[in-house]
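A.B. asks: A structural model of the following input is requested.
(one chain, ligands or ions: 1)
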Amino acid sequence: MTEQQYSLDDIRKNVSRIDNELLQLLAERRQLSLEVAKSKIETAKPVRDLTREQALLLRLVDAGNALQLDPQYVTQIFHTIIEDSVLYQQAYLQKLTNPESLQPVARVSFLGSQGSYSHLASRNYFSKKQTKLVEMSCSTFRDVINTVETGNADYGVLPIENTSSGSINEVYDLLQHTSLSIVGEITQPIEHCLLVATDTNLDQITTLYSHPQPHQQCSEYLHTMGNINQEYCSSTAEAMQKVAELQRADVAAIGNASSGEIYGLTAVKSGIANQQENFTRFIVVARKPVEVTSLIPAKTTLIMSTAQKAGSLVECLVVLRNLNINMTKLESRPVIGNPWEEMFYLDVEQNLKSEVMQGALEELTRLTRFIKVLGCYPSENVKPVDIEF
Ligand SMILES: O=C(O)C(=O)C[C@]1(C(=O)O)C=C[C@@H](O)C=C1
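C.D. replies: Below you'll find the model as predicted:
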């Protein structure tokens with residue numbers, strides 16, 4: 001008897017059927033996450049339960065082994081599923097905690113047009129919030145802030161730090177003077193490529209367009225390209241637009257490959273950032289602060305200036321240490337108009353309304369010349385639990 005041969009079309013139909021079933025099951029699992037969140041409100045249990053996650057992963061790795069599925073493959077998939085579940089529950093609880101923020105449509109401003117990294121971050125951030133977006137492109141960070149301050153937008157999305165190029169000073173400086181509050185954060189993978197509009201090869205490229213940040217984040221690769229003209233644009237989207245208009249074999253843009261497709265560009269080289277793991281953390285600002293439910297991990301961002309005497313900053317940091325408050329970021333920026341005076345920015349893993357944070361603020365107010373809370377918001381960094389295979 002000969003084995004029946006299926007056509008490629010038939011096999012693909014079966015693969016597609018299974019993929020659809022997987023999607024269906026993922027959507028069902030997501031709905032169950034909501035039920036879990038509701039039950040956690042009743043019992044005041046935190047969303048994250050690391051013991052449950054560990055047990056769940058160990059069981060799935062075992063079950064996967066029996067089906068010849070690699071443990072790494074299984075854990076990777078379920079880390080992503082759990083991350084989605086945690087962020088989905090967080091978004092649901094935050095909506096209940098801040099009912100006035102329950103808008104079906106939100107106007108969001110960001111730097112650059114379609115396909116800029118800020119645009120991608122805005123879409124990713126709001127996709128979990130089940131909010132429809134009216135997208136507003138701006139050509140400067142100042143404009144992003146202005147549109148929210150004047151009420152023309154509800155939210156602004158701004159990059160604040162990158163794993164290759166560090167802090168984005170211009171945004172820190174704008175935060176010093178704004179009345180807006182930080183209400184959220186999102187970390188976006190940044191995958192820089194060289195994007196071209198025509199048939200060309202790397203040797204022909206002599207001019208590169210991008211925002212100054214990507215130029216900086218890819219400095220090591222650009223160095224290997226020799227004598228290259230680096231042209232600065234207001235965003236990666238503007239750079240892509242420019243290269244698409246020029247249609248020349250000697251120009252390229254630095255940007256994201258899928259965004260490049262919007263402008264008809266193709267990637268001739270990918271993975272060109274100095275660090276393979278290149279991420280940018282974005283903050284989301286709004287006119288009104290939000291409250292963060294105690295069931296989810298929160299971050300608080302403060303700015304403060306200390307007395308200009310030896311050890312002033314250390315005294316403030318000791319307050320945090322003594323209260324066991326974890327600081328995830330400390331940045332200093334000059335105060336414009338006051339030479340040698342510094343403004344410090346601190347991110348701490350604490351809910352503003354917690355007793356321990358209120359205690360810290362009381363002590364810090366005593367020790368500083370100026371202190372202001374820029375916002376308290378849900379931490380969107382869902383660290384995966386480790387398991388031993
Ligand atoms: O079972 C729970 O408590 C959930 O919140 C669900 C879930 C999951 O998606 O499996 C998500 C987060 C928790 O850390 C553990 C598990």
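
A.B. asks: quick check: what element follows the helix or strand harbouring residue 62 along the chain?
C.D. replies: Here residue 62 is covered by helix 50-66, with elements defined by DSSP states H and E. Note on helix 50-66: by DSSP H and E, the next helix or strand toward the C-terminus is helix 71-97.

A.B. asks: list the buried residues for that following helix?
C.D. replies: 71, 74-75, 78-79, 81-82, 84-94, 97 (16 or more other C-beta atoms under 10 Å). C-beta here means a position set from N, CA and C on the backbone, and glycine is covered the same way.

A.B. asks: stretch 320-331 too?
C.D. replies: Of the residues in stretch 320-331, those buried (16+ other C-beta under 10 Å) are 320, 325, 331.

A.B. asks: dig out what the nearest residue to the last one once chain neighbours are set aside forms beta bridges with.
C.D. replies: The reference is to residue 331. Closest residue to residue 331 apart from its sequence neighbours, by C-beta to C-beta, 6 or more residues apart in numbering: residue 345 at 4.3 Å. Going by DSSP bridges, residue 345 is paired in beta bridges with residue 303, residue 331.

A.B. asks: and residue 345, what is it in contact with?
C.D. replies: Contacts for residue 345 (C-beta atoms under 8 Å, 6 or more residues apart in numbering) come out as 172, 175, 301-303, 329-333, 374.

A.B. asks: picking up where we left off before, from the buried residues of stretch 320-331, which are also near the ligand?
C.D. replies: When C-beta under 6 Å from any ligand atom is applied, no member of the buried residues of stretch 320-331 is adjacent to the ligand.

A.B. asks: pLDDT-wise, what's the bottom of the residues you listed?
C.D. replies: Among the buried residues of stretch 320-331, residue 331 carries the weakest pLDDT, at 94.

A.B. asks: for the residue of the stretch 51-200 of the chain found nearest the ligand, which non-adjacent residue is spatially closest?
C.D. replies: In the stretch 51-200 of the chain, the residue that lies nearest the ligand is residue 85 (3.1 Å; C-beta to the nearest ligand atom). Closest residue to residue 85 apart from its sequence neighbours, by C-beta to C-beta, 6+ apart: residue 33 at 4.2 Å.

A.B. asks: the one you found and residue 87 touch, don't they?
C.D. replies: No: judged on C-beta atoms under 8 Å, residue 33 makes no contact with residue 87 at a distance of 9.5 Å.

A.B. asks: so which residues of this protein form helices?
C.D. replies: Secondary structure of the chain (DSSP state H): helices located at 8-43, 50-66, 71-97, 117-127, 141-149, 169-177, 212-217, 219-224, 236-246, 257-262, 312-322, 355-367.

A.B. asks: give the rounded mean pLDDT of the fifth one.
C.D. replies: Across helix 141-149, the average pLDDT comes to 97.

A.B. asks: from the contact counts, what lies against that helix?
C.D. replies: strand 105-111, strand 132-138, strand 155-162, helix 169-177, strand 279-286 (3 or more C-beta pairs under 8 Å, 6 or more residues apart in numbering; DSSP states H and E).

A.B. asks: pick the most buried one from these.
C.D. replies: When you average the neighbours per residue for each of these (mean count of other C-beta atoms under 10 Å), strand 155-162 leads with a mean of 24.

A.B. asks: which strands or helices does that strand pack on?
C.D. replies: Applying 3+ C-beta pairs under 8 Å, 6+ apart, one finds that strand 155-162 contacts strand 105-111, helix 117-127, helix 141-149, helix 169-177, strand 181-189, helix 212-217, strand 279-286.

A.B. asks: quick one on the thing from earlier: what's near enough to touch the residue nearest to residue 85?
C.D. replies: Contact analysis of residue 33 by C-beta under 8 Å, 6+ apart lists 85, 88-89.

A.B. asks: how about the closest residue to residue 349 other than its chain neighbours, what does it touch?
C.D. replies: Leaving out its chain neighbours, the residue that sits closest to residue 349 by C-beta to C-beta, 6+ apart is residue 326, at 4.4 Å. By C-beta under 8 Å, 6+ apart, the contact list for residue 326 reads 348-350.

A.B. asks: leaving out chain neighbours, which residue sits closest to the residue in the stretch 251-389 of the chain positioned nearest to the ligand?
C.D. replies: For the stretch 251-389 of the chain and the ligand, the shortest gap (C-beta to the nearest ligand atom) falls at residue 385, measuring 8.1 Å. Distances taken as C-beta to C-beta, 6+ apart put residue 53 closest to residue 385, at 4.7 Å, once the chain neighbours are dropped.

A.B. asks: residues of this structure that sit close to the ligand?
C.D. replies: Near the ligand, when you scan the chain using C-beta under 6 Å from any ligand atom, you find 33, 36, 47-49, 52-53, 56, 82, 85-86.

A.B. asks: next, format those residues as CSV and append distance to residue 310 and pLDDT.
C.D. replies: Shown next, in CSV, are the residues of the chain next to the ligand (distance: C-beta to C-beta, whole Å; pLDDT from 0 to 100):
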residue, distance to residue 310, pLDDT
33, 51, 96
36, 51, 97
47, 43, 96
48, 41, 96
49, 46, 97
52, 49, 97
53, 46, 97
56, 52, 97
82, 47, 97
85, 49, 96
86, 44, 96
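
A.B. asks: many thanks, I have nothing further to ask.
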